[in-house]
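Q: Sequence first, predicted coordinates after that:
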Amino acid sequence: MGENREIQKGVWEGRIPVAFRLSEEDTDGERPEPVYLMVPRISYFPLHTEKINKHFLKYASEKESEEIWLEHDNQPLKWHYPVGLLFDLYGSETSLPWTITVHFKDFPEEELLHCVSKDAVESHFMSSIKEADSLKHRGQVINSMQKRDHKQLWTGLLHDKFDQFWSVNKKLMESSGDETFKYIPYRLYMVDRHYMTNLFRPLTEEGHHQSLKHLLLSAVPQFFNEDEEFQKHVRIHGTEPLLDTPILWLSENFSFPDNFLHLVISDK
Amino acid sequence: MSDDGNESRDSKNTETEEKSTPASPSHVAETKIDVLLKPAGDAPIMKKKKWAVDRNKRIGWVGEFIKKYLKLTAQDSLFLYVNQSFAPTPDTEIGSIFDCFGSDGKLVLHYCKTQAWG
């Protein structure tokens, strides 16, 4: 347990240096200096951009919209994806800080959802945890929890309190003896397409542990060669886990706070 | 049709058997799934409840469709729930929800005008 705690803490403490710039289209006059922030990988942008929003609004040429949206390299960034997932999908370790452009105008309605307040993030976050628990325990663990436990999961994330979050989250991640997860909550992402997911059991009928490789073989067999070698890269929290890693262990320790494994597949 | 979806629901197959014939994205995009729409709370009943929906249509699209069908205004809120428990984000593909939460070859979605669960 102690060993895993260190890993969970490592996942929790991952940060990405981000340089936020106001878009050129949003200011006629002086373009303000970028704002630099270390943003937690496991968190969501709207929980960190409040001050940036206020600061850049002073320079915005038109004030009709006070809601910001973010973009990197012409790619609008979904606020309801965790920061680390967005970075693994669109960013690069070789070009840091990650440059993100802040927009007020021309909201890309087709691509992004509006985020009216932090309440929207909370609803999304709690809904994801419920979805994950529906897969793992038919929703029985999350539904047996008290309202204050639900709140503690959210405030733990919101205020970056690892112990507060995990003291509740461990109940969602426990699997004792035969009572293991029914299915693994996971999503596979690639640039320019909807994520993939399906039902995947962590154990075979004989009780053998399924690995990350088994999951990938079932979900994206086209990315394996004849010798069953994976021809792409799979990344989570900025690392490439070994393909032999048992998927149950990965789910328990490497899931984002929303209880999903958000795995990014890329060419390099 | 949604061949690989139907059989994987309640069968006790192992995962490898379920996935032995993976569908390519283009194939997946063509197939439709049956969606059963049920009202919750004070939401009005829809005369036609069962609809065939493209797998790649989004939850938000279904929500807009229901609003139009029920002649709700753009200002009216509409919430869609899976398993009477969670609300997928509007940009979620129906197909991926069906794969995980469909049963008996169909996906049941509850709709309501106020937040019903969670």
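A: On my side now, so go ahead.
Q: Now do the same contact list for the closest residue to B:Lys67 other than its chain neighbours.
A: Nearest non-adjacent residue to B:Lys67, counting by CB to CB, 6 or more residues apart in numbering or on different chains: B:Leu78, 5.4 Å away. C-beta: built from backbone N, CA, C; applies to glycine. Residues near B:Leu78 by CB atoms under 8 Å, 6 or more residues apart in numbering or on different chains: B:43, B:63, B:66-67, B:72, B:111-113.
Q: For B:Leu78, give me the pLDDT.
A: Note for B:Leu78: predicted pLDDT of 92.
Q: Could you do A:Asp178 as well?
A: For A:Asp178, the model assigns a pLDDT of 64.
Q: ok, now the one 5 residues further on?
A: Predicted confidence (pLDDT) at A:Tyr183: the value is 97.
Q: quick one: least confident helix or strand in chain B?
A: helix B:15-18 (a mean of 36; mean pLDDT, DSSP states H and E).
Q: any chance you could map the strands in the chain?
A: Using chain A. For chain A, the strands defined by DSSP state E occupy A:15-22, A:35-40, A:69-72, A:75-77, A:98-103, A:186-189, A:233-235, A:261-266.
Q: Please refer instead to chain B.
A: B:32-39, B:50-54, B:79-82, B:106-112.
Q: Could you export these as CSV, including distance to chain A and mean neighbour count?
A: CSV is the format used below for the strands of chain B (distance: least, CB to the nearest CB, whole Å; neighbours: other CB atoms under 10 Å in any protein chain shown):
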stretch, distance to chain A, mean neighbour count
strand B:32-39, 14, 18
strand B:50-54, 12, 15
strand B:79-82, 7, 21
strand B:106-112, 13, 21
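Q: Low-confidence stretches in the chain?
A: With no chain named, the answer covers chain A. Within chain A, the stretches with pLDDT under 70 are A:1-2, A:176-178.
Q: I was after chain B.
A: B:1-30, B:118.
Q: For the closest residue to A:Lys63 other than its chain neighbours, give me its contacts.
A: Take A:Lys63 and drop its neighbours on the chain: the residue closest to it by CB to CB, 6+ apart is A:Leu57, 7.1 Å away. Contact analysis of A:Leu57 by CB under 8 Å, 6+ apart lists A:63, A:66, A:104.
Q: So which bits of the longest helix along chain B are buried?
A: If you go by DSSP state H, chain B has its longest helix at helix B:59-69. Within helix B:59-69, the residues scored as buried using 16 or more other CB atoms under 10 Å in any protein chain shown are B:59-63, B:65-67.
Q: Same question for stretch A:195-207.
A: A:195-203.
Q: Stretch A:18-38 too?
A: A:18, A:20, A:22-23, A:26-27, A:34-35, A:37.
Q: you'd agree A:Arg41 is up against A:Gly238?
A: Yes. With contact defined as CB atoms under 8 Å, A:Arg41 counts as touching A:Gly238 (7.1 Å).
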